[in-house]
Every structure is written in C-alpha cells, then in structure tokens.
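**Student:** this one's sequence-less:
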Ligand code: HEM
C-alpha cells in the first residue's frame, strides 16, 4: 500500500503532467514542416485529410512510441509490397515529425546517391546517439577507423581471424559458460544476454585491440557494460522529442555510458600510448594487428591530434561497441529461436547441424553456404534490431525521387516524391524480411532450413532472398564488418551446438517448444531484446 500511494502521490501526478505538457508543447512548437507531401500518405493519422491538426501531431508522435511497428506493418501491406512499391510516411518521436518509408524497389537507386543529396552520417548518429555517450566528437564526425575495418575485415582478410577467434571462443566458453556455477546434475543457469555478451566482448576485443588488452578481464567487463549502456541510453534518448528536451535530458541518459567509457580509457590509454610512442621512435613495424593498423591510419592523416592515445582508444571502443552489440543481439535471438523450437524439430535441426560441423571439421574446403549460415540468416531475418532502418537525411533543399506504382494492374505508373532538406527516409526492413512473396510460406515462423532448401532447389529464388535480406545494410554504407561478423557467428554457433546442451527456462508448449517464442516488444523503432531470458547449459563433451 505504502509503495502504491508513493507512486500515485499528487506530487508524482503533477510531475507527470508537467513532463507530458512539456513534451506536447515542445512537439507543437517544432518548426513548421510541410504538413503533407504529395504522393505520400501518412499512416497513423486521419487517412481522409492526411494532415496533422493542432492536437493530432503531439498525439501521433506520442503514440509512435508504441505504434511504430503496427504502422510500419500496415503501411508496408498497403503501399510498399511488390505489386505496388509506393512510399508512405509514419509519425515518429525519433525525428519529431514524419519519417518517409521508401519501398524496396528504390533501395539501390536511393542508397547509392551521393552524400550531398542523401547523407548517412547524421541519421546514423541518431540511430545510436553517440554524441551523448562519447566525449570526443572527432571520433564519430571523422570516422577514419571505418577505413581500417574495410581493409582488414574484407572477405579475403577475414579468414586469418578465424584461428585466433576459435581460441578466444574456447577460453570464453570455459570461463563464462561452465563452472563455478555448476549444479550437481551438471547444468549451469545463465542469463542469456550476459552470457553471450561476455563471450562476444572477449572475441571482439581480441580482433580490435589485441593482446595484452584483450586479456584484461576488468577491461572486458567495462567494455561490455559500456556497449550495453550505449544501447539502453540510445533507446531512451530516441524517445525524447528532438530539440531542447533531447539535448537537455539526453546527457543524463548518457551518464552511465560515459562512466564506463572512462573506466575503459583508464586501462586502454597507457597501452596505446606505449604503442604510439614505439611507432614514433621507429619501432613496432613488425606488429600487425587492428590496433597497429588504426595507429598507422591515424598517422597518415598528418594531424598530430589524431595520434592522441585517448582518441585512438575511443575509436576502438566505438567499433567494439558496434561489434559487441550487433553480435550479441543476433546470437541471443538465435539461441532463443533454436532452443525454443518444438522438441522434435529442434532435435532434427541439432542433429543436422552437428553432422555438418563434423563434416566441415574434416573438409579442407568449406562449403559456401551451409545449414549454419541458413540458421543464422533465418534468425537474423526474423529478429531485426529495428522496425525500419538504413536511415538517411535529405541534404539538399529539394530532392526528387522517382518511383513507380502498379496499383491498378495496368502496368507501372510513374510517381514522383519531392522531399525537403532534413527529411528522413528509411526502409521497411522488418516487413521486407517477413514478406511471403519473397521468403515463401509461413514467413513469421523460424524455419532454419529455409535458405539452404532454396539453394538446393536451384530455383534462383535464393539470390532474390539474399538481396532482400538487409541485416547488414545495403550499398556504399553496408556494414564493413559483415564478413567478420558472419564468420564469428558461425564459429560460435558451431561451438555451442557441438559442445553444449542448452534449454530455455520458461513456459513450455505441449509440443515441447518455448511458449513465448516469437514474442517481441517494440519501443518506438527498436525491438527491445529480452535481456532477462535465462538458460540452462551443460557441457556435452
Ligand atoms: C551481427 C553483427 C552486425 C550487424 C547486424 C551489423 C549491422 C550493420 C548495419 C545494418 C549497418 C549499416 C547502417 C546503415 O546503412 O546506415 C552497419 C554499418 C556499420 N558496421 Fe555493422 N553490423 C554488425 C557487426 C559489425 C562489426 C563486427 C563491425 C566492425 C568490426 C561493424 C562495423 C560497422 C561500421 C563501421 C559501419 C558503418 C559503415 C558506414 O557508415 O560506411 N559492424 N552495420
């Protein structure tokens, strides 16, 4: 009773009222944007007028916190599907106005436009809100570390990372997935998110900062916490309306991340300083790792400020965060998908995966596409980090985009969209990934054989499926870490399947499957991961 009355006290109610009022005023005062765009219907507001009224804008933006997923699904069904390919818009608190959702047919022509027309930078920063979490703006405004990823993690180069990654995985699983928590019956209870987080932090830090830093347990712990707090901080910051409310309250949500960042820097900077010094003294030419490549890239700028060890450490920490969170998000969902399947199907899949791992271990030549890839692709297809993605901002006063509409079935009509500076465009990736016309029947179901089956039929549809799988983006800003990410995910999945029995803890259906499988919560544009899911794991060998 006491706790209840404290929550609903008059002071709390007044405070809540003031906060809501401030949000409404802030949104209402937002600079006048064009109320409606020709040829673009806004889903989520009065469909007859397709216009915002005095109260509809704040209310639509507030509703976007819980309705974005539903609006994107409706918009995709009505406007974007293959038969139609029209753009639509959805109100979003993220931008404090509408975001324009373009149809899949425009992917290639739009995402390869020059930055002077459609800019990725600001929209990407808004996706992970780094300015609130990182103390040096040059790190994200001038991301020269991306060049190092492009070069060292190319398809050809990434193979050399497989052996050290395998070693790191063995150390990580032995340390984090087994004793000392083991019960008498050999099972260990783990929090899925944390347990996978620890494994991937170790692996990612090995590839990015190398020894001795990647063996420092304290640093690994801070780096994992930093990555996690960037994700949570971003989710909350994006729910604040842009403008004074976001810039005022955003730093508070970034405080935790900044604290973890300072702990990481305290450990990283002295080691990086030594490396920089060695290089400046003419030594260290024989060292060939990601850290060294980053230092060399910084030195090539000719700007002494780029050789600041703290700045270099932040560049690596930013990349580590992108890697850790991407890998952990994908893998925790994959564990949920595989071990949440109905028991008979799960056992069939595990047997097939283990047989494949055994074959691959013996073969010199690894298959181009395997059941491991198929399982991971299928899980990534179903578990998008966000509802819409690949955001870009219009960087010219007016941008014309031409498309087609085949609504009436009489061939394609040309359609022109006119966008203004600052308008944000996105693609409906979550709905594209669940499109029956592309991925076949039961597109909402986890079918780990889906991709490998299509490949075997040789129908050619497999190529279309892959082109429509946008987990790593598309075009010139597509993820440069994707080859490394896929290789590492594959190695990790093989390791778990071969070495562990895993069971999800939670309600079970009559078919032996996890009763809550496929249930997702979405906050604004982000699909919130289930960070409370617990598993029981037992070493098989
Ligand atoms: C499963 C893991 C990962 C996923 C799902 C993922 C996803 C993505 C996506 C969708 C983009 C494109 C964003 C856009 O177009 O706006 C992207 C960009 C990027 N990713 Fe990843 N990523 C993952 C792992 C990694 C790793 C391991 C690294 C580096 C070691 C990395 C580094 C980057 C960088 C630097 C960019 C920006 C590229 C640019 O703007 O030109 N990612 N990632």
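**Tutor:** The structure has been received and is ready for your questions. This is a predicted model, so every value here is computed, not measured.

**Student:** The nearest residue to residue 190 once chain neighbours are set aside: neighbour count?
**Tutor:** In space, and not counting its chain neighbours, residue 190 is closest to residue 535: 5.3 Å by Cβ to Cβ, 6 or more residues apart in numbering. C-beta coordinates here come from the backbone N, C-alpha and C atoms, glycine included. Applying other Cβ atoms under 10 Å, we find 23 residues neighbouring residue 535.

**Student:** my read is residue 535 is in a strand, agree?
**Tutor:** Yes - when the secondary structure is assigned by DSSP: H, G, I helix; E, B strand; the rest coil, residue 535 falls within a strand.

**Student:** these two touch, right, it and residue 189?
**Tutor:** Yes - the pair residue 535 and residue 189 qualifies as a contact (Cβ atoms under 8 Å) at a distance of 7.4 Å.

**Student:** Quick one: residues contacting residue 306.
**Tutor:** Contacts here follow Cβ atoms under 8 Å, 6 or more residues apart in numbering; on that basis residue 306 touches 144, 298, 299, 312.

**Student:** and the gap between the most centrally placed residue in the chain and residue 327?
**Tutor:** Taking Cα atoms, centre = their mean, the centroid of the chain lies closest to residue 385, which sits 4.6 Å from it. Counting by Cβ to Cβ, to the nearest Å, the separation of residue 385 from residue 327 is 12 Å.

**Student:** next one: residue 133
**Tutor:** Between residue 133 and residue 327 the computed distance is 19 Å (Cβ to Cβ).

**Student:** Neighbour count: those two, which is higher?
**Tutor:** Each of residue 133 and residue 327 had its neighbours counted (other Cβ under 10 Å), and the higher figure belongs to residue 133 (28 against 24).

**Student:** Tell me which residues touch that one, please.
**Tutor:** Counting by Cβ under 8 Å, 6+ apart, the residues that residue 133 touches are 229, 230, 233, 234, 254, 257, 258, 261.

**Student:** Can you tell me the closest non-neighbouring residue to it?
**Tutor:** Beyond its immediate neighbours in the sequence, the residue positioned closest to residue 133 (Cβ to Cβ, 6+ apart) is residue 257, lying 3.9 Å away.

**Student:** Check residue 426 too.
**Tutor:** In space, residue 426 is closest to residue 388, 3.9 Å off (Cβ to Cβ, 6+ apart).

**Student:** and the residue in the stretch 251-400 of the chain positioned nearest to the ligand, what element?
**Tutor:** Residue nearest to the ligand within the stretch 251-400 of the chain: residue 326 (2.6 Å; Cβ to the nearest ligand atom). Mapping residue 326 onto the secondary structure by DSSP states H and E places it in helix 309-339.

**Student:** Could I get the buried residue list for that helix?
**Tutor:** Applying a neighbour-count criterion of 16 or more other Cβ atoms under 10 Å, the buried positions in helix 309-339 are 309, 311-339.

**Student:** Check the offset of it from the chain's centre.
**Tutor:** With Cα atoms, centre = their mean, to the nearest Å as the basis, helix 309-339 stands 9 Å off its chain's centre.

**Student:** All further residue positions should be reported with the first residue as 484.
**Tutor:** Yep, numbering from 484; the last one is helix 792-822 now.

**Student:** Tell me who's in contact with the residue in the stretch 634-783 of the chain that the ligand sits nearest to.
**Tutor:** Nearest residue of the stretch 634-783 of the chain to the ligand: residue 636, at 6.0 Å (Cβ to the nearest ligand atom). Residues in contact with residue 636 (Cβ under 8 Å, 6+ apart) are 644, 963, 964, 966, 967.

**Student:** Residue 1024 too?
**Tutor:** Going by Cβ under 8 Å, 6+ apart, residue 1024 touches 981, 982.

**Student:** Try it again at 7 Å.
**Tutor:** Each residue near residue 1024 by Cβ atoms under 7 Å, 6 or more residues apart in numbering is listed here: residue 982.

**Student:** distance of it from residue 571?
**Tutor:** Distance check for residue 1024 against residue 571: by Cβ to Cβ, it reads 52 Å.

**Student:** Would you confirm that residue 613 contacts residue 623?
**Tutor:** Yes - taking Cβ atoms under 7 Å as the definition, residue 613 is a contact partner of residue 623 at 4.8 Å.

**Student:** Tell me which of these two has more neighbours.
**Tutor:** Neighbour totals were compared for residue 613 and residue 623, and residue 613 leads with 24 against 19 (other Cβ under 10 Å).

**Student:** tell me the phi and psi of the more buried one?
**Tutor:** Dihedral angles phi and psi of residue 613 (degrees, to the nearest 10) take the values phi -60, psi -30.

**Student:** I'd like the distance between it and residue 845.
**Tutor:** Look at residue 613 and residue 845: by Cβ to Cβ, they are 45 Å apart.

**Student:** The closest residue to the ligand within the stretch 584-733 of the chain: neighbouring residues, count only.
**Tutor:** In the stretch 584-733 of the chain, no residue comes nearer to the ligand than residue 629, which is 4.3 Å away by Cβ to the nearest ligand atom. Counted with other Cβ under 10 Å, the burial measure for residue 629 works out to 16 neighbours.

**Student:** On the pLDDT front, check it for me.
**Tutor:** Reading off the per-residue confidence, residue 629 sits at a pLDDT of 97.

**Student:** Verify the contact between it and residue 961 for me.
**Tutor:** No - counting by Cβ under 7 Å, residue 961 is not a contact partner of residue 629; they are 11.7 Å apart.

**Student:** one step back: how about the nearest residue to the residue nearest to the centre of the chain, chain neighbours excluded?
**Tutor:** Nearest residue to residue 868 in three dimensions, chain neighbours excluded: residue 812, at 5.6 Å (Cβ to Cβ, 6+ apart).

**Student:** That neighbour is in contact with residue 1011, isn't it?
**Tutor:** No - the pair residue 812 and residue 1011 does not pass the contact test of Cβ under 7 Å, sitting 10.6 Å apart.

**Student:** OK, contacts around residue 992?
**Tutor:** With contact taken as Cβ under 7 Å, 6+ apart, residue 992 is in contact with residue 998.

**Student:** Check the gap between it and the ligand for me.
**Tutor:** Distance, residue 992 to the ligand, by Cβ to the nearest ligand atom, to the nearest Å: 29 Å.

**Student:** Quick check, pLDDT for the residue nearest to residue 868.
**Tutor:** According to the model, residue 812 scores 96 on pLDDT.

**Student:** Could you report the neighbour count for the residue of the stretch 834-983 of the chain found nearest the ligand?
**Tutor:** Across the stretch 834-983 of the chain, no residue is closer to the ligand than residue 964, which sits at 2.3 Å (Cβ to the nearest ligand atom). Residue 964 is flanked by 22 other residues according to other Cβ under 10 Å.

**Student:** so it makes contact with residue 807?
**Tutor:** No - judged on Cβ under 7 Å, residue 964 makes no contact with residue 807 at a distance of 11.2 Å.

**Student:** buried sites along the lengthiest helix in the chain?
**Tutor:** Using DSSP state H, we find that the single longest helix of the chain is helix 727-763. The neighbour-count criterion (16+ other Cβ under 10 Å) identifies 728-729, 733, 736-737, 739-741, 743-744, 746-748, 750-752, 754-756, 758-759, 762 as the buried residues of helix 727-763.

**Student:** That concludes my questions; thank you for your assistance.
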